[in-house]
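Colleague: fold the stuff below for me.
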Amino acid sequence: MESKGWSHVGLATRDIERTRRFYEGVLGFRAVRYDIIKVKEGGEIHHAFFDTGRSQLLAFMEFRAVPGGPALLDTDLNRVFRIPKATHAFHIALEAGNEAELVATRAELVSKGVAVTPVVDFEWAKSIFFRDPNDIVIEYCFLTREFTDDDAIMRVRFEFGLDDPVPWTDFRTG
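Modeller: Coordinates of the predicted model:
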């Protein structure tokens, strides 16, 4: 089977309009499809698809008055699964391109009032992290080198404590 990348990632949102303003207005992703799906038992689902580039889409669904649907949606999966803050239960990583583009993206996010981490150097990649209106962690990342055979070997690469401050959770606006 040949891998062709991903078509789309689908997530839930608490507020589709706030999500749409963030992904269109802050990140500059174009909304390419917006559906209202009527549910026969009552309510409706608002479904938006955003073009993230390279024919890859990010989709969000908001459940409005759907019987059995979430009355209060908690999209912070670290809290839901009781996972320490020093890790991310789920996050979306977007391609940054190169270091200059990563730094420029960070500066643009900060100028728009987004709390974003400083650039984090993982040795094989550099990244910045921030949260969307649903508390979903988003990362912009680029590879700093080619992978080697050694990279594919499972081994201890670094260590941190669950309560240690780690750079990928140090969200700030400056």
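Colleague: please enumerate the strands of this structure.
Modeller: Using DSSP state E, the strands of the chain run over residues 8-12, 30-38, 44-53, 56-64, 91-95, 120-121, 125-131, 137-143.
Colleague: kindly reformat those strands as TSV containing mean pLDDT.
Modeller: Shown next, in TSV, are those (pLDDT from 0 to 100):
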stretch	mean pLDDT
strand 8-12	91
strand 30-38	96
strand 44-53	95
strand 56-64	94
strand 91-95	92
strand 120-121	95
strand 125-131	95
strand 137-143	94
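Colleague: could you dump these to CSV with distance to Pro84 and mean neighbour count?
Modeller: In short, each C-beta sits where N, CA and C put it, glycine included. Shown next, in CSV, are the strands of the chain (distance: least, C-beta to C-beta, whole Å; neighbours: other C-beta atoms under 10 Å):
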stretch, distance to Pro84, mean neighbour count
strand 8-12, 22, 15
strand 30-38, 34, 11
strand 44-53, 28, 18
strand 56-64, 26, 19
strand 91-95, 14, 16
strand 120-121, 17, 14
strand 125-131, 15, 20
strand 137-143, 13, 18
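Colleague: between those strands, which gets nearest to Asp74?
Modeller: Checking these against Asp74 by C-beta to C-beta gives strand 8-12 as the closest, at 9.7 Å.
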